[in-house]
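>>> sequence unknown, structure follows:
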């Protein structure tokens, strides 16, 4: 799209640098010459994986999400390590979270998750060529997930009930529905 | 989904309270008894609107997104004011950003945009009953948008080219494609 209505950075104030995100406040000059501030969450980027079993089930993970104070059902996902290629992250997260691996990860698309305040870019992958991991692959030591195999029909009904309530997962299920209808 | 793998808050440290987001760091007790920290961006919630003109064009807005340092094309959206009902926000944002209003906003669904680090919940609405606003409705003083009317076929091609690169907009277009195919 380009630079329409570009906002020029007057100053950047780094508020916080954590393990996952950084927060910075930018003073900006607006197209009309006035100034404003922007609250910006810097994120390393993330991947999500649509992993389909032999019998056409979608591999999903249930995990506790502290920001929501509840467990939700999502497709496997994780953040990029600094400098890491998204396809590498995707394979690693698939192995860690689901116990499956693959040599055939297909890149599908990417999208910004919340461009109003964050630069997080999420890369979405697909595979239906899964093999059990032979060497044991470990979750991060602060990560706990339960793997579930869910049919497209079940997933549809979970979306209706808002038991699936996560943008990337809803988006992935739309994609799979279209792909499998062909 | 419930409370599976619940993480108990040991302490909450408020790092920053801005106009849009708040940042807090929680120390948590994990299911295995160990402790960890969680970086959490609190967000008031948001709405997005699928607004369809008489001749079946989707109303979209191009705007500069400082976190991305570029302009992107999105469906109209905005954040909730404290205590505001999402349907009220949706009507207001539609009027402010597009110059159209409606008395028929249909709630479609809601979803978390990035549950790994944020509690932002986005409510998605649909309308194909639009009327031009009669009283002038103003954008926030730091907001600049250009309205575009885009067909579903054009939108599809913009997604292919990743000119549409935003989760809520891609999700909305999947929904519209299915709705209009019936």
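Everything's here; your move. Fair warning: this is a prediction, and the values are worked out from it, not measured in the lab. Numbers count the residues shown, from 1 in each chain, chains lettered A, B, ... in the order given.

>>> Let me see the domain layout of chain A.
A:8-42, A:46-181 (the TED database).

>>> Look at the first one and report the distance between its end residues.
Using CA to CA, to the nearest Å, the end-to-end distance of domain A:8-42 comes out at 18 Å.

>>> What about residue A:38, how many residues nearby?
Counted by other CB atoms under 10 Å in any protein chain shown, the residues lying close to residue A:38 total 21. Where C-beta positions appear, they are placed from N, C-alpha and C, glycine not excepted.

>>> Next up, the contacts around the residue lying closest to it once chain neighbours are set aside.
Using CB to CB, 6 or more residues apart in numbering or on different chains and skipping the chain neighbours, the partner closest in space to residue A:38 is residue B:66 (4.2 Å). Residue B:66 sits next to A:7, A:26, A:28, A:38, A:40 when contact means CB atoms under 8 Å, 6 or more residues apart in numbering or on different chains.

>>> Scan these and report the most crowded one.
Most surrounded of the contacts of residue B:66: other CB under 10 Å gives residue A:40, at 23 neighbours.

>>> Please go through chain A and pick out the longest strand.
Longest strand in chain A by number of residues (criterion: DSSP state E): strand A:8-17.

>>> now that strand against strand B:8-17, angle please.
150 degrees (axes from the mean of the first three to the mean of the last three CA atoms, to 10 degrees).

>>> what about chain A, any weak spots by pLDDT?
A:1, A:136-137 (pLDDT under 70).

>>> the strands in it, which residues?
Going by DSSP E, chain A shows strands at A:8-17, A:22-29, A:35-42, A:46-51, A:58-65, A:70-74, A:77-79, A:100-101, A:106-112, A:121-127, A:131-132, A:145-150.

>>> Out of these, indicate the one that is most buried.
strand A:46-51 (a mean of 26; mean count of other CB atoms under 10 Å in any protein chain shown).

>>> Counting neighbours, which bits of the longest helix anywhere in chain A end up buried?
Longest helix in chain A by number of residues (criterion: DSSP state H): helix A:167-181. Using 16 or more other CB atoms under 10 Å in any protein chain shown as the test for burial, helix A:167-181 gives A:167, A:168, A:169, A:170, A:171, A:172, A:173, A:174, A:175, A:176.

>>> Between these, which sits nearest residue A:122?
Using CB to CB, residue A:168 comes nearest to residue A:122 of those, at 6.0 Å.

>>> Correct me if wrong: that closest one contacts residue A:75.
Yes - using CB atoms under 8 Å, residue A:168 is in contact with residue A:75, at 6.6 Å.

>>> Quickly list what's touching both of the two.
With CB under 8 Å, 6+ apart as the test, residue A:168 and residue A:75 both reach residue A:48.

>>> Kindly list the main-chain dihedrals of residue A:45?
Here is the backbone geometry of residue A:45 (degrees, to the nearest 10): phi 100, psi 160.

>>> Tell me how many other residues crowd it.
Residues near residue A:45, counting by other CB under 10 Å: 16.

>>> And the spatially closest residue to residue A:141 that is not a sequence neighbour, how far from residue A:142?
What sits nearest to residue A:141 in space, not counting adjacent residues and going by CB to CB, 6+ apart, is residue B:34, at 7.1 Å. Remark: distance between residue B:34 and residue A:142 (CB to CB, to the nearest Å) = 7 Å.

>>> neighbour count winner among those two?
Neighbour comparison, residue B:34 and residue A:142: the larger count goes to residue A:142, with 16 against 10 (by other CB under 10 Å).

>>> any chance of the strands of chain A in TSV, plus distance to residue A:157?
Compiled in TSV, the strands of chain A are given as follows (distance: least, CB to CB, whole Å):
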stretch	distance to residue A:157
strand A:8-17	40
strand A:22-29	38
strand A:35-42	33
strand A:46-51	18
strand A:58-65	13
strand A:70-74	12
strand A:77-79	22
strand A:100-101	24
strand A:106-112	24
strand A:121-127	22
strand A:131-132	28
strand A:145-150	10
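
>>> roughly how far apart are residue A:109 and chain B?
7 Å (CB to the nearest CB, to the nearest Å).

>>> and what of residue A:147?
12 Å.

>>> Now do stretch A:23-40: distance to the chain's middle.
The chain centre lies 27 Å from the centre of stretch A:23-40; the measure is CA atoms, centre = their mean, to the nearest Å.

>>> same thing with stretch A:161-181?
With CA atoms, centre = their mean, you get 13 Å for stretch A:161-181.

>>> got a list of what residue A:113 touches?
A:46, A:120, A:121, A:122, A:167, A:168, B:113, B:114, B:167.

>>> Make sure the second one is actually in contact with residue A:80.
No - taking CB under 8 Å as the definition, residue A:120 is not a contact partner of residue A:80, at 10.1 Å.

>>> More neighbours: which of the two?
residue A:120 (25 against 20).

>>> Just want the phi and psi numbers for the nearest residue to the more buried one once chain neighbours are set aside.
The shortest distance from residue A:120 to any non-neighbouring residue, by CB to CB, 6+ apart, is to residue A:43 (3.7 Å). Dihedral pair for residue A:43: phi -130, psi 150, per degrees, to the nearest 10.

>>> Go ahead and name everything in contact with stretch A:78-92.
Against stretch A:78-92 from outside (CB under 8 Å, 6+ apart): A:20, A:43-47, A:49, A:93, A:96-97, A:101-102, A:105, A:107, A:110, A:123, A:125, B:116.

>>> All good on my end, thank you.
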